[in-house]
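S.K.: coords below, sequence missing:
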């Protein structure tokens, strides 16, 4: 990762040259680079945004700065452009190269997160040279790169092909594919460790947890419906539908707006179950951090008997709507 090269490129950007106060968002693992950033960007008044953030969906709206630099994520096209935001993607090489003989498919859809999206064309060629048929396709209007998977969107993995290979670290993205496309076989290749993981076992373990939450929700009466105020996660329209179907089923709902969805905030609201319309990561990856069940909108419908429980529906964000004010991050 050429981090200093990325900083030099930023310094040549006209938006940076014109800015006096510059805010910087860093993923958790990159906060160790604050010293290097401060040294390289001397001459500007720097503000480091301390709150955790999840990507281009998470642009602070009312900051007192001229320019925001967000490291580690690509833009989300259907959110529009942000004239005072620089998205500085951090893309990496492969510590372990792909081994075609360890990929158990004759044909597949190739996917990744933004970190390794630059490696997908090379991986495609290598797999094809070994006789594997590879599809690398662009997802819907929320996705920037061909093959790119977001935590909230798996559209690049859709298609008639039966198999999906995901290149990247962590379980969240390939688990989303395995949950959302249950008819496909999904293997995750970790380019940092060289490990290949069949996601079927992970999918089964997760579903056991989710159906337990759905069962608890089916017997609950009071529901808190979570709406995110983050610009790329707001789905108030879905929250309103959730509220309506809960009232129609004789339950008692109320809507909560939050920026950062955490248990210490939710416990102050007297609900038996929370319905999450914010980032799907809250329901999937953060579930164990909550003291009460948190379910998705689709899981709510299963709990109320409005959807067939036999086919799990993974929560994805395609489009968002907006509530509240918009300030610094207003789109062009």
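M.R.: That came through fine. Treat the numbers as computed from the prediction; the structure is a model and nothing was measured. Numbering: from 1, shown residues only.

S.K.: and the longest helix for this structure?
M.R.: helix 200-218 (DSSP state H).

S.K.: distance from the centroid: which residue in the chain tops it?
M.R.: Relative to the centre of the chain, and counting by Cα atoms, centre = their mean, the farthest-placed residue is residue 43 at 33.9 Å.

S.K.: so that residue, which of the three states?
M.R.: Three-state call for residue 43 (DSSP: H, G, I helix; E, B strand; the rest coil): coil.

S.K.: ditto for residue 23
M.R.: At residue 23 the chain is in strand, as set by three-state DSSP.

S.K.: cool, and residue 316?
M.R.: Judged by three-state DSSP, the three-state class of residue 316 is coil.

S.K.: For the nearest residue to residue 133 once chain neighbours are set aside, which residues are in contact?
M.R.: Ranked by Cβ to Cβ, 6 or more residues apart in numbering and with sequence neighbours excluded, the top spatial neighbour of residue 133 is residue 107, at 3.8 Å. C-beta here means a position set from N, CA and C on the backbone, and glycine is covered the same way. Listed by Cβ atoms under 8 Å, 6 or more residues apart in numbering, the contact partners of residue 107 are 132, 133, 134, 135, 161, 162, 163.

S.K.: Against residue 23, how distant is residue 42?
M.R.: According to Cβ to Cβ, to the nearest Å, residue 42 stands 16 Å off from residue 23.

S.K.: Which residue comes closest to the residue positioned nearest the centre of the chain once chain neighbours are left out?
M.R.: In the chain, the residue lying closest to the centroid (Cα atoms, centre = their mean) is residue 151, at 2.6 Å. By the measure of Cβ to Cβ, 6+ apart, the closest residue to residue 151 outside its immediate chain neighbours is residue 281, 4.9 Å from it.

S.K.: what are the phi and psi angles of the one you found?
M.R.: When read as degrees, to the nearest 10, the backbone of residue 281 gives phi -60, psi -30.

S.K.: Report the contact partners of it.
M.R.: By Cβ under 8 Å, 6+ apart, the contact set of residue 281 is 54, 151, 152, 172.

S.K.: in the protein, which spans are strands?
M.R.: Listed in chain order, the strands of the chain (DSSP state E) span 21-25, 45-48, 67-71, 85-88, 107-112, 133-135, 163-167, 185-190, 195-198, 222-228, 252-258, 273-276, 294-296.

S.K.: Show me what the fourth one is packed up against.
M.R.: Spelled out, that is strand 85-88. Counting contacts by 3 or more Cβ pairs under 8 Å, 6 or more residues apart in numbering; DSSP states H and E, strand 85-88 packs against helix 3-11, strand 67-71.
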